[in-house]
Structure formats: C-alpha cells, structure tokens
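> sequence first, then the predicted structure:
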Amino acid sequence: MYGNISTAPDHVRELRLTLLANDYEPVAVAGKAPVSSGWQSRGPTADSVAAEIDNFPEALNTGLRTGGLVGVDIDLLDPEEAASAQALAEQELGPTPFVRVGQKGMLLCYANAEPLRKITVASRDGAKVEILGVGQQFVAYGDHPATGEPYRWTGSAEPAASAAWELPPVSPDQIRALADRLANWLRERHADVKVSGDMGRSPAEAVQVLPHRNLPPLPPEEIRARLYACDPDCERDQWRNLIAALRATPCSDPEFDACALAEQWSTTASRDFGDDPAQAAHRVFETMPPRHGGLRSGSFIRMTDDAGYSGPTVAHSGSPIPANGQPYPRPKSAAELAFGDFPRPAFAWDRFILQRHVNLLYGDGGTGKTLLAEHIACAVAAGRELFGFETVQMPVLLVLAEDDDGETKARLEAICRALGLNLPDLPLSIWCLPGWDLNLAHIRDDGSYTGGPFMEPLRAELERIGPCLLILDTVTDIAALDETKRPPVNALCKVILAGLCREFGATVLVNAHPSKAAMADGSDYAGSTAWNNAVRNRLSFKRPDAKSRRRLLEVAKANYGEPTELELYLIGPALVTMAEIAEDRASEREAVWEVVRDLIAAGVDIVRGNGAGQKPRDVAEAIHERLSIRLDAKQVLDHLNALERAGRLAYEKGGNGKRGQRAGFRLP
C-alpha cells in the first residue's frame, strides 16, 4: 500500500505515473492548491507528469481530478458526526473500500459514468460535506499543509494500488439523493443548512427540498398587504426579485395562490413589460429559482419593509423577528452550553483575520492596503501561508470599488508570481465595479436602515459561492452613514456585515481610511470609537516614512488573539518580508532596482566609481535607509551591472559628445 510514500521527487514521479496507468488523472498540488494552468480541462499524460515535476519541484502533493471519479468529502470536526455521515453515505451509495483520511473527517471514492458538478451541503457554523465532481480535485497523497502529517488510505483499496474500474459505481440520482439525506440529517444538528450545486432540479422541486427556515408561515392578508406596499413600476430587476422572494415565502393557507397574487399586482403597473403583465409575472414566478437566485422569505420581509410596509408581522414561536428578517435564536441552558460542541473562534489568516467575523483593515491612501488585501485573497484561495503565517483555504470574493479589471489583473498576476501560484486555478471571484453604486444600506443616525442597491446582488453571489472570504474595498463605498455616530456604525458592523457572516458563513474583511486626527494620535481609525468597539479584530497598515517602501501591518485590536506586528516591504508590485528578500537574490535585486529607480527619477546621478554622483556605497546607504537592507558597495555594484545587462538600466559615460553630459546610470 502507498499510504505513507516518500515525497521525494523521483518517488512522486513514479506515483503519478502509476496513478495514470491505473486510469486516474493525477494533479500536481502545493499544499491543497493545483499549480499547473489548465489542470481542470487538460487530461494528464506521461509527458505532462514529468514536466510538472520539473517545472513545479515544490508541488510534491498529488491530487486526483474528479468527475468520473467522485469524492464524498466529509468535512466534519466531530468524529462521531463524521462516522455517522460516512454510514449514511454508504447506506445511500453502498460501501467503498476507497477511504482517505486527512486532518478531519474522511473522503469516500466512487465512480460515476455521468459526471456532475460539485454539490455542497453546508451549515452556517462550518459543518460541510462536499460531493466533488467536474472541475474539482482532492489531495490523495502527500502531507497535509496544516498538520504536516501524511494523508492516509484506511480502507482495503487505494488509487495507487487499485485501478479506477474497481471503484464502486454510483448514479447521479444516488448522488443527489445522498445530498438531500445529508441536508436533512445536518439540519437536526446545525443551523441554516444549505444545499448548492448540481442538484438538477426544477425551481419547484428546489422549493420543496429546501424548506423555509427564516419565518413561520405568514397569513395571506399580510403577504398581500406587503406586496401591495411595493411599487410595481419599480426597476425590472427589483420587480423580478420581489416575485422570486414572494414565491419563497410560506403561507399559513395551503390554498393560497402566490403566483396569482404576483400576476394581479403586476397588472397595476403603468410601464410596458413588452408582454402582458400577468403573463410576464407568471413566467418569472415559474422560472426564477428563489433559492439559487439568493432570495427567500427573509428577503421578502426586508424588501417590503424597505418599501414602506408598516402593518402587523407574525411572531416566530415566541421569537421576535429583528430588522434583518431572521428569527432570534432561543437562549441555551447551562447544560446545553456545557455539553455542546462550540468551537472557539478560529483564524482564516493566523493572527490577522478572524474566520466568520467582520475584520477591519485601516490604511492611509497610497499605503497599499488594497494590494495587501489582494495578497490575502490569493493566499487564502490557495490555502498557502502568507508572510510566514498559515491560512485556511476557502473561496474568495474580492469586491473592488476603485480598481478596474486591467489594473487588478496586472496586480493579481504579479502577486501570484511572487507567491508561486497560478491565477486561473484559484477559487477567486473578482468583482471590479468602479463607478457603480455599491451601497449595501442607507443607515440613519438611530441605526435603522434601508437596504441599498448592492445588497441583493452581493447576497446572491454569496449564496452561489458558499462560505468564503469576502473582501470589500472600501467602507465608504458600501454604506451611507455618519461615521462619527455610534448607532449607524454598530448597525453596519454588527447587523449588516455580521449578518452576512451568520447567514452565509462568510469571513468579512473591509478596507477603510483612517482620519488625519487618528493617524496623528495613533488610533488609526475614523469617526466614532464605535469602529474599534464594533469588531473583534482590527488591523492597521502604515508607512512609517513617506519615502520608505517599508510597511507595518499591526493587529491594532485582538479580542481572540495576540497583538502582532509584521514588517513588510513593497518591492515592485508585491509585498515581501525581510526574510524573503534575504533568502532570494532576485528579490534583493528588485529591492535595489526600486531604490535606484526612485533616485534616478529624483535627478540623482549614480556612477560606478570615480566621478561626480552617488557611488555604490552611497546607494547602499540609501537602500538601508529606505528598506533597512544592509548591502556593501560591491553587492550594490553587482546588482547595478546585472540590471544594466538585463536592459533595465543604461550607463552613459561623461561627455558622450554632449557638453555638460555627466556620467551615470540612466533609465532606458
């Protein structure tokens, strides 16, 4: 058996060729992230396996591409829950001898002749089972990036010793039935369990399988009054969303015809639908899936409240319904708390970003906080450590209000090169929206609020992606509020953004600008002290000197961790640590280039030796002053000559046919 094979390159090459011969599709993986572009669509060959070993010597973990191979990944911390989920899976799909164990839970392997896309069953508190399909992979051999322990195959078969045709066969219907059973089973144990992915359902079937958990059934008169509080002449997207949310709303009268109500309401509009209004409403009602569009019963309450509905609201079995349309959970007894399994807050990026919480990142304009957020995005998407600190791998949604696609592409490509990642392979969604209204809410001074135009599109995207890291750049773009008043700040951080954490399992990082007064007194935030009090984790990103490329990332508030400070350097388009510069001559040369370029641009002459101008020893002092990197004159001269050979610098001799021409390095 191959359970604890060596990760030496020759052994990895032999393993991958064996897997290929056994009719699997091996993938070169660093940690948990594939490193080769096109791995999702390109079938491996003996030549491509050899090339990956040569081109990516650090990628010594081996994944298997899924599709025809199905991986039921039971990602549950509680061993008893994981064992119960395994038993349920084997009841539905049959037993399998192919069982892989990693840090927690287990992964079961089957064969499916009609490949599906991934199906995810996940709860708000992180319990998750993924049924991996087309375009996915799992690590089959190598070491777990968090524990350093090898992945193990604990059954009587494994891919390196058993051909793919020996996998137990299953059908799409069996896989989807398993997802439904897992969802119902998890709902007995966890809050807000969702099913997403390739369930192959019509909208009507989706409503039956995904029950309404936000609200008790509303009386028909309240549903009708709420809908008629809304203007049918609203924007078309809002009209469609209202009908979709109406469809998702349960009614206490089983004979209530919500579709007919939508048709009647739409006929009162004066605008042109391009069709009969009732037929247009009927078509939207039948074809727009409320859950997969990110809309449900809570959305109907919120949207109609925002439209001005002020009538009675049904209570939820004694639990009032707050402004976000979700019922309050009941209190837990001391025994429930004592004997329940409630994990402590964890970090998505160790010491710096709390998982499933709202995190604030403050930095002055031009400091590079967006660039830092993009580094975090790439590292978390890949599950790769960043600046020496571990990350938890998860999908990432990056929302940028200021940078367009071109600038963002150039930055992310440069960051991926610096981190050794391949941008197309990352589970990273980039939403560049300069010039768009990204307002999530208009928050009044008393903390009450009205939903903004970007709330529903964002919720729909979070619904699609599932638990992820959500980066919002910047806070002034996502909410209209008075930043100096406590109630609106609390509403944004504790209700609106924290609501996204609770509902979608999101980890939220919001970029913000400190005020001048805050930068002067060192508090490094803006407006009310509520910004500091409303979150459990706040970061500060500073430039100690206006001329310096040195940056300081500080955990300015840490309720669940230790205060930490990280020294970084902006070298080219990437941030690096001093240790990375010291270990990598190419990074050292980039550091020299950055300082030399700035000096030349400022009109400073830099010469090799004799002559008027800055000598290599002078440049070494400038490098130390700006970057705290200690180089001697010879090292600087070696780098200058190398930059000249590379065509990045040119050297002109004194005179050079021009009166008054001084010797020195020039930018080409």
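Yep, that arrived.
> can we go C-alpha only for contacts and neighbour counts from here?
Noted.
> going along the chain, name the strands of the stretch 351-500 of the chain.
Taking DSSP state E, counting those that start in this stretch, the strands of the stretch 351-500 of the chain run over residues 353-354, 358-363, 396-400, 428-432, 441-443, 449-451, 469-473, 479-480.
> skip the chain neighbours and tell me the closest residue to residue 150.
residue 143 (4.0 Å; CA to CA, 6 or more residues apart in numbering).
> please read the previous query as pertaining to residue 61.
residue 142 (4.4 Å).
> list the contacts of the residue nearest to residue 150.
31, 61, 149-151 (CA atoms under 8 Å, 6 or more residues apart in numbering).
> so how far is residue 611 from it?
Look at residue 143 and residue 611: by CA to CA, to the nearest Å, they are 57 Å apart.
> repeat for residue 183
When residue 183 is compared with residue 611 (using CA to CA), they lie 77 Å apart.
> show me which of the two is the more surrounded one.
Taking other CA atoms under 10 Å, residue 183 and residue 611 do not tie; residue 183 has more neighbours (24 against 15).
> wouldn't that one be in contact with residue 196 here?
No: if you go by CA atoms under 8 Å, residue 183 and residue 196 don't touch, sitting 10.5 Å apart.
> closest one to residue 235 among the strands of the stretch 351-500 of the chain?
Proximity to residue 235, assessed across these by CA to CA, is greatest for strand 449-451 (14.8 Å).
> average pLDDT across the closest one?
Throughout strand 449-451, pLDDT has a mean value of 80.
> that strand: partners in the sheet, and parallel or antiparallel?
With DSSP bridges as the test, strand 449-451 is paired with strand 441-443 (antiparallel).
> report the mean confidence score over the partner strand.
For strand 441-443, the per-residue pLDDT averages 87.
> stretch 570-590 now?
74.
> got the contact list for that stretch?
371-372, 375, 387, 411, 414-415, 418, 549-551, 567-569, 591, 594, 629, 639.
> element containing residue 644?
Using DSSP states H and E, residue 644 sits within helix 633-645.
> joint contacts of residue 183 and residue 196?
residue 121.
> hang on, the earlier thing: which other residues reach the helix holding residue 644?
Outside helix 633-645, the residues that reach it (CA under 8 Å, 6+ apart) are 589, 592-593, 608, 616-617, 619-620, 649-651.
> cool, stretch 267-277 as well?
Against stretch 267-277 from outside (CA under 8 Å, 6+ apart): 231-233, 263, 266, 278, 280.
> contacting residues for the closest residue to residue 435 other than its chain neighbours?
Among residues not flanking residue 435 along the chain, residue 401 sits closest, at 7.3 Å (CA to CA, 6+ apart). By CA under 8 Å, 6+ apart, the contact set of residue 401 is 432-436, 438, 473-474, 477.
> same check, this time on residue 500
Counting by CA under 8 Å, 6+ apart, residue 500 touches 459, 506.
> in helices, which of the contacts of stretch 570-590 appear?
Judged by DSSP state H, the contacts of stretch 570-590 include 371-372, 375, 411, 414-415, 418, 591, 594, 639 as members of helices.
> list buried residues within the residues you listed.
371-372, 375, 411, 414-415, 591, 594, 639 (16 or more other CA atoms under 10 Å).
> okay, those residues in a markdown table with distance to residue 345 next?
Shown next, in a markdown table, are these (distance: CA to CA, whole Å):
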| residue | distance to residue 345 |
| --- | --- |
| 371 | 26 |
| 372 | 23 |
| 375 | 23 |
| 411 | 31 |
| 414 | 32 |
| 415 | 29 |
| 591 | 38 |
| 594 | 40 |
| 639 | 46 |
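> show me where the stretch 251-400 of the chain has helices.
For the stretch 251-400 of the chain, the helices defined by DSSP state H, counting those that start in this stretch cover 258-266, 277-287, 297-306, 334-339, 369-382.
> now those helices in JSON lines, with mean pLDDT and distance to residue 89?
Below are the helices of the stretch 251-400 of the chain laid out as JSON lines (pLDDT from 0 to 100; distance: least, CA to CA, whole Å):
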{"stretch": "helix 258-266", "mean pLDDT": "88", "distance to residue 89": "37"}
{"stretch": "helix 277-287", "mean pLDDT": "80", "distance to residue 89": "32"}
{"stretch": "helix 297-306", "mean pLDDT": "72", "distance to residue 89": "31"}
{"stretch": "helix 334-339", "mean pLDDT": "79", "distance to residue 89": "27"}
{"stretch": "helix 369-382", "mean pLDDT": "94", "distance to residue 89": "28"}
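> out of those helices, nearest to residue 352?
If we rank the helices of the stretch 251-400 of the chain by CA to CA, the stretch that ends up nearest is helix 369-382, at 10.2 Å.
> determine the set of other helices and strands touching that closest one.
Counting contacts by 3 or more CA pairs under 8 Å, 6 or more residues apart in numbering; DSSP states H and E, helix 369-382 packs against strand 358-363, strand 396-400, helix 405-419, strand 428-432, strand 469-473, strand 574-576.
> can you list contacts of it?
Helix 369-382 has contacts (CA under 8 Å, 6+ apart) with 32-33, 348-349, 361-363, 385-386, 391-396, 398, 411-412, 415-416, 419, 421, 423, 426-428, 469, 471, 473, 511, 541, 574-575.
> restricted to buried residues, select these in PyMOL.
Buried residues among the contacts of helix 369-382 (16+ other CA under 10 Å), as a PyMOL selection:
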select buried, resi 32+33+348+349+361+362+363+385+386+391+392+393+394+395+396+398+411+412+415+416+419+421+423+426+427+428+469+471+473+511+541+574+575
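> how far off centre is stretch 12-19?
With CA atoms, centre = their mean, to the nearest Å as the basis, stretch 12-19 stands 32 Å off its chain's centre.
> in that stretch, which residues are buried?
So for stretch 12-19, counting by 16+ other CA under 10 Å, buried means 12-13, 15-19.
> for residue 435, the count of nearby residues, please.
10.
> can I get the contacts of residue 143 in CSV with secondary structure and distance to residue 110?
Output for the contacts of residue 143, formatted as CSV (DSSP: H, G, I helix; E, B strand; the rest coil; distance: CA to CA, whole Å):
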residue, secondary structure, distance to residue 110
31, coil, 24
61, strand, 21
149, coil, 25
150, strand, 22
151, coil, 18
